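Q: I'd like to go over a predicted model; first the sequence, then the structure.
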Amino acid sequence: MTSERVLALRGRLDAETTARLWRDSMQAARDARGETLVVDASGVEYCDGSGAALLAALQQEAETSGGRFELRGLREDLRRLVALVAPSPAGPQQGPRVESRIVRLGRAALDALAGARHFVAFVGEVALALAWVMRHPSQLRVRDTALVAERAGIGAVPIVVGVGFLLGLILAFQGAIPMRRFAAEIFVADLLGLSMLRELGPLMAAILLTARSGSAFAAEIGTMKVNEEIDALTTMGLDPVRFLVVPRVVAAVTVVPALAMLTSLSGLLGGLLVYRSLGFPAVTFVNRIADMVSPADILSGLGKAMVFGVIVAAVGCLRGIQTGQGAQAVGLSTTSAVVSGIVGIALADGIFAVVFYVLGI
Amino acid sequence: MASESNAEPIIRVEGLVAGYGDRTIFDGVSFEVARGEVFVILGGSGSGKSTLLKNVIGLYRPWQGRCWIDGGDIVAAEGEERRAILRRIGVMYQQGALFGSMTLLENVRLPMEELTELPDEAMDRIAASKLKIVGLEGFEGYVPAEISGGMRKRAAIARAMALDPGILFLDEPSAGLDPITSAELDDTILLLRDTLGITFVVVTHELASIYKIADRVIMLDKETKGIVATGSPEFLRDHCEIEWVRRFFRRETGTEAA
């Protein structure tokens, strides 16, 4: 006959007392090798789910460490509870599959490939939908488009003006310091006019649009995806691209040039302030810019802004549509929309720089 | 297991007036729930079942009225007192409301991690035991997106039970479940009531489930903005003085009765 080790429990066995008992009693169960662990529960007045889990865990622990287990004096209803919470002898069988590194690498490569294919297909779909809307302008969802244009465009005016003004101010100030050494401060106007209208205005407006609206597009569409609203559109026979993406892209293309122009003008205003403080009259500033900046410069800036608008809106919508399941997925899409939007803008800007150089614009 | 009529009620709601904006949903609702009973809130669509539940569990503050849960007034309580009352209840929401970024085990562990002193191993074992009670043994490592809607509801019940509350509120537990899963869920409810003595407040309109689990039912009505009938489902089916309530419990339509 094997020897016995008795563990007597009294009083209430709830989450609070279980927390205090757990370590010592489990150690007693582990030490019961070759012995019988007897839990005397005749003094237990109350036992909840945590207490029952403790009793079940003691049994499992005693038996896996080669001992035996006996539960004495527990009320019948509580005994049923312990049996209910005890893990099945076979233990968990259906845990998630653990994959080897090679399988995970392969899966990641396939995912990347599928992502690229999806991206190309999406670009095609958006292009087709835009072409279709150009041929049938009456089919554009004007109300949605106007609403997006208002939120993405008019809503962005204060920040665009503020950032543009400060940018111009800083640029003029920083430019004036080295130029002063050559008595060339007067050319601050040339520097500012060209860089703001051709490069920084469109770039800044597009980056601000990505942060404000590209992220919002991804979050809106992503939440719709999670709520199965995109599925509902599809089963109604409506094309999600035409319904959700086109109004956003059209709105973005419309507002970004205006925002770019506003950024540039605010920048020039900021620059003018520095120019005046250097002792030059405002008319010199205006004349130098008029001399330096050609209409082609302004038009190329606006053209770039339109392309940036398409990129920001399309990437935001794409990331929204690619959203997975759950709240976390919406957060990931939003982040991804901003990051890919800014990368897209930088790439496009680089391509424009090369093309304009080759064409001599 | 019928409740003892002389026992102190575990929930007491008095003169609850609540609504949205300027629209009144309830105008003076009062009821009591006895310890260890399965109490069902019933009513047609739009009668405010879920709104009543949210007022009782303190998610919404009613315009007027009081609500005592296990001796504490949830309407008046603030701060630590309020949190103490909330720790004594568990709630299962209609859609489960599991945290999508966590596994089922982590979902059930979360309240224990935040509110108890249990060692890690104990939390794992207790959380696993809760999942076993609701029939999800073996699915501890899954995230909510990987399991079915019925399983998500059961996991949500397991999470609601994490701290072994004395009262569980279930909002439409069987909606969207197949009859077998729904019946299994009913068995789980009865088992928890009988073994752990948990009091259940269930919002549902699944008649089969009501007949099986309900000790007492209150019937809400959109027109009168209050409770029109109270009693066991069998009593309401056979003896309620309001004809449409009797028809409701017999699953009859108006034209069939006429």
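A: The structure has been received and is ready for your questions.
Q: quick one: low-confidence parts of the chain?
A: Let's take chain A. Regions of chain A meeting the criterion pLDDT under 70 cover residues A:1-2, A:90-98.
Q: wait, I meant chain B there
A: Looking at chain B by pLDDT under 70, you get B:1-7, B:253-258.
Q: Contacts only, for the residue of the stretch 1-150 of chain B found nearest chain A.
A: Closest approach between the stretch 1-150 of chain B and chain A, counting by Cβ to the nearest Cβ: B:Gly100, at 2.6 Å. For the C-beta atoms, the positions are set from N, CA and C on the backbone; glycine is no exception. Each residue near B:Gly100 by Cβ atoms under 8 Å, 6 or more residues apart in numbering or on different chains is listed here: A:325-329, B:143-145.
Q: What of A:Pro247?
A: Shown in contact with A:Pro247 (Cβ under 8 Å, 6+ apart): A:140-141, A:144-145, A:148.
Q: Now tabulate these in JSON lines and tack on distance to chain B.
A: Output for these, formatted as JSON lines (distance: Cβ to the nearest Cβ, whole Å):
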{"residue": "A:Leu140", "distance to chain B": "35"}
{"residue": "A:Arg141", "distance to chain B": "30"}
{"residue": "A:Asp144", "distance to chain B": "27"}
{"residue": "A:Thr145", "distance to chain B": "31"}
{"residue": "A:Val148", "distance to chain B": "28"}
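Q: Nearest to B:Ala18 among these?
A: Nearest to B:Ala18 among the contacts of A:Pro247: A:Asp144, at 35.9 Å, using Cβ to Cβ.
Q: ok, for A:Ile298, nearest residue in space, not its chain neighbours?
A: A:Leu197 (5.4 Å; Cβ to Cβ, 6 or more residues apart in numbering or on different chains).
Q: Is it correct that that neighbour is in contact with A:Leu262?
A: No - with contacts counted by Cβ atoms under 8 Å, A:Leu197 stays clear of A:Leu262, the gap being 11.8 Å.
Q: So for those two, which residue has more residues nearby?
A: Higher neighbour count among A:Leu197 and A:Leu262: A:Leu197, with 27 against 19, using other Cβ atoms under 10 Å in any protein chain shown.
Q: Tell me which stretches of the stretch 51-200 of chain A form helices.
A: A:76-85, A:101-135, A:142-152, A:157-180, A:188-194 (DSSP state H, counting those that start in this stretch).
Q: now chain B
A: For chain B, the helices defined by DSSP state H cover B:49-56, B:79-87, B:104-115, B:120-133, B:149-160, B:179-196, B:207-213, B:233-239, B:243-250, B:254-257.
Q: just checking, what packs against the third one?
A: Think helix B:104-115. With contacts taken as 3 or more Cβ pairs under 8 Å, 6 or more residues apart in numbering or on different chains; DSSP states H and E, helix B:104-115 sits against helix B:120-133, helix B:149-160.
Q: Between these, which one is closest to A:Ala216.
A: Using Cβ to Cβ, the helices and strands packed on helix B:104-115 put helix B:149-160 closest to A:Ala216, at 29.0 Å.
Q: ok, the residue in chain A that chain B sits nearest to - contacts?
A: Residue of chain A nearest chain B, by Cβ to the nearest Cβ: A:Gly326 (2.6 Å). Residues near A:Gly326 by Cβ under 8 Å, 6+ apart: A:226, B:100-101, B:143-145.
Q: Pull the most distant pair out of those.
A: Among those, A:Val226 and B:Val143 lie farthest apart (Cβ to Cβ), at 14.0 Å.
Q: quick one: is stretch A:9-29 near chain B?
A: Yes - counting by Cβ under 8 Å from any Cβ of the partner chain, chain B is contacted by stretch A:9-29 at A:14-16, A:18-20, A:22-23, A:26.
Q: so A:Gly222, which of the three states?
A: Here A:Gly222 is helix, with the state taken from DSSP: H, G, I helix; E, B strand; the rest coil.
Q: which non-adjacent residue is nearest it?
A: Distance criterion Cβ to Cβ, 6+ apart; nearest residue to A:Gly222, sequence neighbours excluded, is A:Thr323 at 3.5 Å.
Q: Could you measure from that neighbour over to A:Thr334?
A: Computed as Cβ to Cβ, to the nearest Å, the A:Thr323 to A:Thr334 distance reads 9 Å.
Q: Equivalent analysis for A:Ile345, please.
A: If you measure A:Ile345 against A:Thr334 using Cβ to Cβ, the figure is 17 Å.
Q: The stretch 1-150 of chain B against chain A: which residues are in contact?
A: Near chain A, when you scan the stretch 1-150 of chain B using Cβ under 8 Å from any Cβ, you find B:99-101, B:112, B:116-119, B:121-122, B:125-126, B:128-130, B:132-133, B:137-146.
Q: Report the buried members of those residues.
A: Taking 16 or more other Cβ atoms under 10 Å in any protein chain shown as the criterion, what is buried in these is B:100, B:112, B:116, B:118, B:122, B:125-126, B:128-130, B:132-133, B:137-144.
Q: Would you map out the domains in chain B?
A: Chain B breaks down by automatic domain parsing into domains covering B:9-88+B:167-257, B:100-164.
Q: Tell me which of those domains sits most buried.
A: Among these, domain B:100-164 has the highest mean neighbour count (mean count of other Cβ atoms under 10 Å in any protein chain shown), at a mean of 21.
Q: Could you give the separation of it from the chain centroid?
A: 18 Å (Cα atoms, centre = their mean, to the nearest Å).
Q: Do me a favour and get the end-to-end distance for stretch B:231-251?
A: Taking Cα to Cα, to the nearest Å, stretch B:231-251 runs 17 Å from one end to the other.
Q: what's the neighbour count on the residue nearest to A:Gly222?
A: 23.
Q: chain center to stretch B:53-62: distance?
A: Stretch B:53-62 sits 13 Å away from the centroid of its parent chain (Cα atoms, centre = their mean).
Q: do the same with stretch A:229-248
A: From the chain centre to the centre of stretch A:229-248 is a distance of 22 Å (Cα atoms, centre = their mean).
Q: measure it end to end?
A: With Cα to Cα, one end of stretch A:229-248 sits 17 Å from the other.
Q: buried stuff in it?
A: When burial is assessed from 16+ other Cβ under 10 Å, stretch A:229-248 yields the following buried residues: A:230, A:233, A:240-248.
Q: picking that back up, JSON lines for the residues of stretch A:9-29 next to chain B, including neighbour count?
A: Shown next, in JSON lines, are the residues of stretch A:9-29 next to chain B (neighbours: other Cβ atoms under 10 Å in any protein chain shown):
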{"residue": "A:Asp14", "neighbour count": "16"}
{"residue": "A:Ala15", "neighbour count": "22"}
{"residue": "A:Glu16", "neighbour count": "13"}
{"residue": "A:Thr18", "neighbour count": "28"}
{"residue": "A:Ala19", "neighbour count": "19"}
{"residue": "A:Arg20", "neighbour count": "12"}
{"residue": "A:Trp22", "neighbour count": "24"}
{"residue": "A:Arg23", "neighbour count": "12"}
{"residue": "A:Met26", "neighbour count": "19"}
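Q: Show me these that map onto strands.
A: With strands defined by DSSP state E, no entry of these lies inside them.
Q: Alpha carbons of stretch A:230-240, in PDB - could you do that?
A: This file holds the C-alpha atoms of stretch A:230-240, laid out as PDB (Å, rounded to 0.1, in the frame of the first residue of the first chain):
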ATOM      1  CA  ILE A 230     -17.900  45.600 -48.800                       C
ATOM      2  CA  ASP A 231     -19.300  42.100 -49.200                       C
ATOM      3  CA  ALA A 232     -22.800  43.600 -49.100                       C
ATOM      4  CA  LEU A 233     -21.900  46.000 -51.900                       C
ATOM      5  CA  THR A 234     -20.500  43.100 -54.000                       C
ATOM      6  CA  THR A 235     -23.500  40.900 -53.500                       C
ATOM      7  CA  MET A 236     -25.800  43.800 -54.400                       C
ATOM      8  CA  GLY A 237     -23.900  43.800 -57.700                       C
ATOM      9  CA  LEU A 238     -22.200  47.100 -57.000                       C
ATOM     10  CA  ASP A 239     -18.500  47.400 -57.800                       C
ATOM     11  CA  PRO A 240     -16.700  48.500 -54.600                       C
END
